[in-house]
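Peer 1: this is the structure alone, sequence omitted:
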């Protein structure tokens, strides 16, 4: 993780110095996490992509203001959160089906998807964001740490609590056989 952090810091410093290729590489690396963060807020995949792209543009314009290059990930994701909140006027939307789900799910799959989306809505925003980063985007704890500025141990503890809440919500909705 230390070498990845050093590499990110070098890219950030180069980008601040005006190297657009370095900024492009940073945007490429952080884009999936940013889409996930925006999706956690708005629950619309296409709008989440728009929010992530807008956040990248805003970050590029504001990059010279970044005082601590080692905090680039959390800074960028804060911009993305703000853009997403602005897009939805601070109001989370009802969940939409992401493009990556099979086009014609069975009734059982559709019921499960509906239940999982409802359970995600039961979570606090920060917990929902972590679950989406980990399980929808499949980021490692180290990657989530770089994005959110939390330690891997804190991420593990928060995810454990979030999974318990998800399981409780799913059980209350008739999905007792599920194991998270």
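Peer 2: Yep, that arrived. Just so it is clear, the structure is predicted and the values come from calculations on it, not from any experiment.
Peer 1: how about residue 150, what does it touch?
Peer 2: Residue 150 makes contacts with 144, 158, as judged by CB atoms under 8 Å, 6 or more residues apart in numbering. Where C-beta positions appear, they are placed from N, C-alpha and C, glycine not excepted.
Peer 1: how about it, phi and psi?
Peer 2: As for residue 150, its main-chain torsions (degrees, to the nearest 10) stand at phi -110, psi 160.
Peer 1: over to residue 67?
Peer 2: Dihedral angles phi and psi of residue 67 (degrees, to the nearest 10) take the values phi -90, psi -30.
Peer 1: try residue 149
Peer 2: Torsion angles, degrees, to the nearest 10, at residue 149: phi 80, psi 30.
Peer 1: and the least confident helix or strand in the chain by mean pLDDT, which residues are buried?
Peer 2: Lowest on mean pLDDT, DSSP states H and E among the helices and strands of the chain sits helix 107-122, with a mean of 78. Neighbour counts using 16 or more other CB atoms under 10 Å place 113, 115, 116, 119, 120 of helix 107-122 among the buried residues.
Peer 1: these two touch, right, the third one and residue 170?
Peer 2: Yes: Residue 116 is within contact range of residue 170, at 7.3 Å (criterion: CB atoms under 8 Å).
Peer 1: quick one: contacts for residue 143?
Peer 2: residue 33.
Peer 1: what angle do the longest helix seen in the chain and helix 107-122 make?
Peer 2: Taking DSSP state H as the criterion, the chain has its longest helix at helix 20-42. Counting by axes from the mean of the first three to the mean of the last three CA atoms, to 10 degrees, helix 20-42 lies at 100 degrees to helix 107-122.
Peer 1: who are the packing partners of helix 20-42?
Peer 2: For helix 20-42, the elements it packs on are helix 2-16, helix 45-62, helix 72-87, helix 125-131, helix 141-148, judged by 3 or more CB pairs under 8 Å, 6 or more residues apart in numbering; DSSP states H and E.
Peer 1: of those, which approaches residue 22 most closely?
Peer 2: Closest to residue 22 of the helices and strands packed on helix 20-42 is helix 2-16 (CB to CB; 3.8 Å).
Peer 1: now what about that closest one, what contacts it?
Peer 2: 22-23, 25-26, 29, 63-64, 66, 69-70, 72-73, 142, 146.
Peer 1: next, the buried residues of it.
Peer 2: 8, 11, 12, 14, 15, 16.
Peer 1: I'd like those as a markdown table, with distance to residue 89 and pLDDT appended.
Peer 2: Listed next are the buried residues of helix 2-16 as a markdown table, based on distance: CB to CB, whole Å; pLDDT from 0 to 100:
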| residue | distance to residue 89 | pLDDT |
| --- | --- | --- |
| 8 | 33 | 90 |
| 11 | 34 | 95 |
| 12 | 31 | 95 |
| 14 | 36 | 96 |
| 15 | 31 | 96 |
| 16 | 32 | 96 |
